[in-house]
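**Q** Build the 3D model from these lines:
(one chain, ligands or ions: 3)
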Amino acid sequence: MGTVIEAANKDTNGSVLNKNPTVVFVLGGPGSGKGTQCANVVEHFGFTHLSAGDLLRAEIKSGSENGTMIQNMIKEGKIVPSEVTIRLLQQAIKDNGNDKFLIDGFPRNEENRAAFERVTGIEPAFVLYFDCPEEEMERRLLSRNQGREDDNIETIRKRFKVFLDSSLPVINYYDAKGKVRKVDAARPVEEVFESVKAIFGPKNEKAD
Ligand SMILES: Nc1ncnc2c1ncn2[C@@H]1O[C@H](COP(=O)(O)OP(=O)(O)OP(=O)(O)O)[C@@H](O)[C@H]1O
Ligand SMILES: Nc1ccn([C@@H]2O[C@H](COP(=O)(O)O)[C@@H](O)[C@H]2O)c(=O)n1
Ligand SMILES: [Mg+2]
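**A** Ligands and ions are numbered 1, 2, ... in the order given. Next up, the predicted model:
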C-alpha cells in the first residue's frame, strides 16, 4: 500500500482543464462514510472535496433545465448520465484555486469512468475505498436526518443494488491497476480516519 500521493495525470488533461490536478476518487457504498472522512482529509491534508451527489443536488436547487431529470434519477437511486456530472465536476475544478481534489461518489459506473478519462485525461492518483457491510450502511442512512429524498428504505435498497452491479466493477477495475486503497469503514469515525491518514501519509499533512 503506497503512502505517497503521486500526480498521476501527466499529459492530456492540461489542454482541457488548463490545470493538472491531483485527483483521489473516494468510493464506497451509500452511507459508508465517504463525506464524513472527506471532511477530515480536507482539514488535515488541504484537499478540496467535490461530492458528485452534492453537485447534482445543487444543480436541482439552481433551477437548471436538467433539474427534474436529476431529481427523478436520485429518487430512484439511478446514475445520472456522465455528461451532466462531468460538466459539473470540470466546472468545480476549474473554479477552484486548489490543485488537489477528492472526488467523492464518482466514478459510479463504467460509463462515468471512461467518459471522465476521455474528457479530462485525468488518471486518479489512487482510489480510496470505504468497505462497509450493508446492514451498517442501512443503519447509518436511516438515522442520517439530513432530509435527503433518497434516504428512505425503498431507495436505499435500490442504491445498494446499483452499488453492487455498477460501482463495484469500477473499484475492481482500479484494483487490477494496483490503485485501490481499501479501508474497513465499519469502525468508529476516528479509527477509520487513522487508517485514512496512514494512506495519505505524514508527508502530505498540512502545516499548522
Ligand atoms: N464510522 C462511522 N460510524 C458511525 N457513523 C458514521 C460513520 N461514518 C459516518 N457516519 C454517519 O453515517 C451517515 C452517513 O455518512 P456519510 O454521509 O459520510 O456517508 P456517505 O458515504 O457520504 O453516504 P452517501 O453515499 O449516501 O452520500 C452520517 O450520518 C454520518 O454521520
Ligand atoms: N457519479 C454520480 C454520483 C451520484 N449520483 C446520483 O446522486 C445520488 C446520491 O449520491 P451520493 O454520492 O450523495 O450518495 C446517487 O444515488 C445517484 O442517483 C449520480 O447519478 N452519479
Ligand atoms: Mg456522501
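**Q** Could you use CA atoms for every contact and neighbour count after this?
**A** Noted.
**Q** Contacts only, for Gly46.
**A** Gly46 makes contact with Lys100, Glu205, Lys206, according to C-alpha atoms under 8 Å, 6 or more residues apart in numbering.
**Q** of those, closest to ligand 1?
**A** Set against ligand 1, the nearest of those by C-alpha to the nearest ligand atom is Lys100 (19.1 Å).
**Q** Spell out which residues of this structure are next to ligand 1.
**A** 30-36, 140-141, 144, 185-189 (C-alpha under 6 Å from any ligand atom).
**Q** If we use 5 Å, what do you get?
**A** Selection of the chain residues close to ligand 1 by C-alpha under 5 Å from any ligand atom yields Pro30, Gly31, Ser32, Gly33, Lys34, Gly35, Thr36, Arg140, Arg144, Pro188, Val189.
**Q** Which parts of this structure are helices?
**A** 13-17, 34-45, 52-61, 67-75, 82-95, 110-120, 134-142, 153-162, 168-176, 189-200 (DSSP state H).
**Q** Tabulate those helices (JSON lines), appending mean pLDDT and distance to Leu128.
**A** Formatted as JSON lines, the helices of the chain follow (pLDDT from 0 to 100; distance: least, C-alpha to C-alpha, whole Å):
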{"stretch": "helix 13-17", "mean pLDDT": "46", "distance to Leu128": "22"}
{"stretch": "helix 34-45", "mean pLDDT": "98", "distance to Leu128": "9"}
{"stretch": "helix 52-61", "mean pLDDT": "98", "distance to Leu128": "15"}
{"stretch": "helix 67-75", "mean pLDDT": "98", "distance to Leu128": "23"}
{"stretch": "helix 82-95", "mean pLDDT": "97", "distance to Leu128": "18"}
{"stretch": "helix 110-120", "mean pLDDT": "97", "distance to Leu128": "15"}
{"stretch": "helix 134-142", "mean pLDDT": "98", "distance to Leu128": "17"}
{"stretch": "helix 153-162", "mean pLDDT": "98", "distance to Leu128": "19"}
{"stretch": "helix 168-176", "mean pLDDT": "98", "distance to Leu128": "9"}
{"stretch": "helix 189-200", "mean pLDDT": "98", "distance to Leu128": "8"}
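**Q** Check what pLDDT the residue nearest to Ala39 when sequence neighbours are not counted gets.
**A** The shortest distance from Ala39 to any non-neighbouring residue, by C-alpha to C-alpha, 6 or more residues apart in numbering, is to His49 (7.3 Å). We have a pLDDT of 98 for His49.
**Q** Which strand residues bridge His49?
**A** Leu102 (DSSP bridges).
**Q** List only buried entries from the contacts of Gly46.
**A** Lys100 (16 or more other C-alpha atoms under 10 Å).
**Q** and the contacts of Gly46 as CSV, adding pLDDT and distance to Pro81?
**A** Output for the contacts of Gly46, formatted as CSV (pLDDT from 0 to 100; distance: C-alpha to C-alpha, whole Å):
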residue, pLDDT, distance to Pro81
Lys100, 97, 25
Glu205, 73, 35
Lys206, 73, 36
